[in-house]
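Student: Sequence first, then the predicted structure, then my questions.
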Amino acid sequence: RRRHTRYISVTGVQTCALPIFLAAVLRFFRLTDLPYSHDELSALSRLDFSSFSDLLNFGGRPDGHPALVHVFLFYWTKIFGTSEEMVKLPFIVSGLAVVACVYLVGLRWLDEQTAFFSASTVALSQYFIIYSQYARPYITGCLLALLLVHFLLRILFSPKNSFWDYFFFTLFLVLSSLNHHISMLFASLVFLSGVVLVSKERRKKYLLASSAAALAYLPHLSITLSQFSIGGVGGWLSPPEPDFILKFLFFLIHYSLPLLATIGVVFLFSLYRCKKSTVSTERKKILYLFFILFFCSFLITFFYSLFRNPVLQFSTLIFSAPFFILAFFSLFPKLKSNFYTLFSVLFVGLFLQSLSADRKFFELNFRQGFEQFVKVADTYKRKYPNKKISMIVRSEKWFIDFYSILFQSPVTGYGHSGLASSFLRGHRKRSKRWW
């Protein structure tokens, strides 16, 4: 039980600082050059309302996601404007908080070695980096999921519980449900796991806290039912293929064979060692819980997408992915100091090498989106000012107009309505920076 009262050591601070530092560098790198994605522009196009009820009815309901992040963006853009860097900033900060939470959850409930390699994976994987830079309800749901599970574990395994353990469990159960429908599924799995694992002495308080969360969610229920009646994204998303989970796991490590081989060698060595080591009952329960949360979340969305309506994407696994990573690295034995240092250097180095060379992250991450369409069209428009030039782009005209007005370009989308102009004038001064 000493684990529950210990503080993070000086060495722990150092090992925690490295992944957080690397995560900050990768996520804030060229922040002002990050373009909006389709989903982000779609969300921004549904924020220009004068009342909260209109925001929910005409902006939130058609979004297909619960209203939490949409409402947050509504007030955030009113205060800080609609520039890419300001809109993305709270999500990047959430991404850094995810790295810190992965480390702290790993340290508190497993061990320091597991905490370091898990936090480093989350810090360096392109998967977590890009969703930290998207102003959508993915990295926020990941953060809420980590906090929710942490307080569940406090309720289950801490020698003593306080009112605040149940309060924060209730809070993060509600917020997870209001963040994304798949994170609501994940929150439901967390709740059901607690029902099975909680002791008899704490079951009454646990059920009361969960009931309070259900009551707090009720005002949003009409929006949820309305969105479910519309359907999902089956119009453009195909059903998942049988090897979906393998592709996802390979994507976590950038499809890097050297990185896979390095992890595999150490992992196989760990399996041999695990046969001779003793694992506490509590640790076994936590490992089983983490694996179950990940695979149940995947299997439910997989079969729903296969037989009902396709909703499974890499993004929808972000709420449960940290727990798979934590459980996986917890299977490694405690490495000796020299081997631990060697593996750490190889691990971080291969992750950075594959991110830069294999995935070309630093090159492609800033050359995407509708900003590029406007840039190309504007180049030809200015080169041939006396000629009528047309460019066919499959896009909402609001998206093109947004960047055209922002950069004072003569390029306009077909049937320019002026809505983007109104929104920009109300929320952001025109940028003086150029391409």
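Tutor: Perfect, I can see it now.
Student: does the residue of the chain positioned farthest from its centre sit in a helix, a strand or a coil?
Tutor: The C-alpha centroid of the chain is most remote from Asn386, which lies 46.8 Å away (C-alpha atoms, centre = their mean). On the three-state scheme (DSSP: H, G, I helix; E, B strand; the rest coil), Asn386 is labelled coil.
Student: From Ala24, how far out is it?
Tutor: 49 Å (C-beta to C-beta, to the nearest Å). In short, each C-beta sits where N, CA and C put it, glycine included.
Student: what does Thr278 give?
Tutor: 38 Å.
Student: repeat for Gly59
Tutor: Taken as C-beta to C-beta, the span from Gly59 to Ala24 is 32 Å.
Student: And the two? Which one has more around it.
Tutor: Gly59 (21 against 16; other C-beta atoms under 10 Å).
Student: Just the pLDDT at the more buried one, thanks.
Tutor: pLDDT for Gly59: 83.
Student: now do the one 3 residues further on
Tutor: On the pLDDT scale, Pro62 is placed at 79.
Student: Check Val10 too.
Tutor: So, for Val10, pLDDT stands at 49.
Student: which residues in the stretch 301-435 of the chain form helices?
Tutor: 321-330, 337-353, 361-364, 370-383, 397-406, 419-427 (DSSP state H, counting those that start in this stretch).
Student: Can I get those in a markdown table including mean pLDDT and mean neighbour count?
Tutor: Listed next are these as a markdown table, based on pLDDT from 0 to 100; neighbours: other C-beta atoms under 10 Å:
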| stretch | mean pLDDT | mean neighbour count |
| --- | --- | --- |
| helix 321-330 | 96 | 24 |
| helix 337-353 | 91 | 15 |
| helix 361-364 | 86 | 12 |
| helix 370-383 | 77 | 17 |
| helix 397-406 | 73 | 23 |
| helix 419-427 | 47 | 17 |
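Student: In CSV, list those helices along with distance to Ser238.
Tutor: Converted to CSV, the helices of the stretch 301-435 of the chain look like this (distance: least, C-beta to C-beta, whole Å):
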stretch, distance to Ser238
helix 321-330, 21
helix 337-353, 30
helix 361-364, 23
helix 370-383, 24
helix 397-406, 24
helix 419-427, 31
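Student: The ones you listed: which one's closest to Trp76?
Tutor: Ranking these by proximity to Trp76 (C-beta to C-beta) places helix 419-427 first, at 10.0 Å.
Student: Could I get the contacting residues of the nearest residue to Leu110 once chain neighbours are set aside?
Tutor: Excluding the flanking residues, the one nearest Leu110 by C-beta to C-beta, 6 or more residues apart in numbering is Ser330, at 4.7 Å. The contact partners of Ser330, by C-beta atoms under 8 Å, 6 or more residues apart in numbering, come to Gly106, Leu110, Asp111, Thr114, Arg283, Leu287.
Student: Among the residues you listed, which are located in helices?
Tutor: Gly106, Thr114, Arg283, Leu287 (DSSP state H).
Student: what's the closest of those residues to Lys160?
Tutor: Arg283 (20.0 Å).
Student: Tell me which residues touch the closest one, please.
Tutor: Here Arg283 is in contact with Leu110, Ser330 (C-beta under 8 Å, 6+ apart).
Student: Need the pLDDT of it.
Tutor: Reported pLDDT for Arg283: 91.
Student: Would you mind measuring from it to Lys334?
Tutor: Distance from Arg283 to Lys334, by C-beta to C-beta: 13 Å.
Student: do Gln372 as well
Tutor: 49 Å.
Student: follow-up on the earlier one: could you give me the ChimeraX selection string for whichever of the contacts of Ser330 are buried?
Tutor: Restricted to buried positions by 16 or more other C-beta atoms under 10 Å, the ChimeraX selection for the contacts of Ser330 reads:
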select :106,110,111,114,283,287
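Student: Nearest to Leu146 among the contacts of Ser330?
Tutor: Nearest to Leu146 among the contacts of Ser330, counting by C-beta to C-beta, is Gly106 at 10.3 Å.
Student: For that closest one, give me its contacts.
Tutor: Counted by C-beta under 8 Å, 6+ apart, Gly106 has contacts Glu112, Thr114, Ala115, Phe116, Ser118, Ala119, Leu326, Phe329, Ser330.
Student: hmm, 6 Å instead?
Tutor: Thr114, Ala115, Ser118, Leu326 (C-beta atoms under 6 Å, 6 or more residues apart in numbering).
Student: Could you do Val190 as well?
Tutor: For Val190, counting by C-beta under 6 Å, 6+ apart, the contacting residues are Leu148, Leu152.
Student: Mind exporting the C-alpha coordinates of the helix or strand where it lies to CSV?
Tutor: Secondary structure assigned from DSSP states H and E places Val190 in helix 181-197. Output in CSV follows, covering the C-alpha atoms of helix 181-197 (Å, rounded to 0.1, in the frame of the first residue of the first chain):
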residue,chain,number,x,y,z
HIS,A,181,-20.5,9.8,-28.4
ILE,A,182,-17.6,7.3,-28.5
SER,A,183,-16.2,8.8,-25.3
MET,A,184,-19.6,8.4,-23.8
LEU,A,185,-19.4,4.7,-24.8
PHE,A,186,-16.0,4.6,-23.1
ALA,A,187,-17.4,6.3,-20.0
SER,A,188,-20.2,3.7,-19.9
LEU,A,189,-17.6,0.9,-20.0
VAL,A,190,-15.7,2.6,-17.1
PHE,A,191,-19.0,2.8,-15.1
LEU,A,192,-19.8,-0.9,-15.7
SER,A,193,-16.3,-1.9,-14.8
GLY,A,194,-16.7,-0.1,-11.5
VAL,A,195,-20.0,-1.9,-10.8
VAL,A,196,-18.2,-5.2,-11.1
LEU,A,197,-15.0,-4.3,-9.2
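Student: got the angle between it and helix 321-330?
Tutor: 50 degrees (axes from the mean of the first three to the mean of the last three C-alpha atoms, to 10 degrees).
Student: Under the pLDDT cut-off, which ranges of the stretch 201-350 of the chain? List them.
Tutor: 231-236, 270-277 (pLDDT under 70).
Student: if I look at the residue positioned nearest the centre of the chain, how far off is Ile263?
Tutor: Using C-alpha atoms, centre = their mean, the residue of the chain that lies closest to the mean C-alpha position is Ile139, 2.3 Å off. Taking C-beta to C-beta as the measure, Ile139 falls 24 Å from Ile263.
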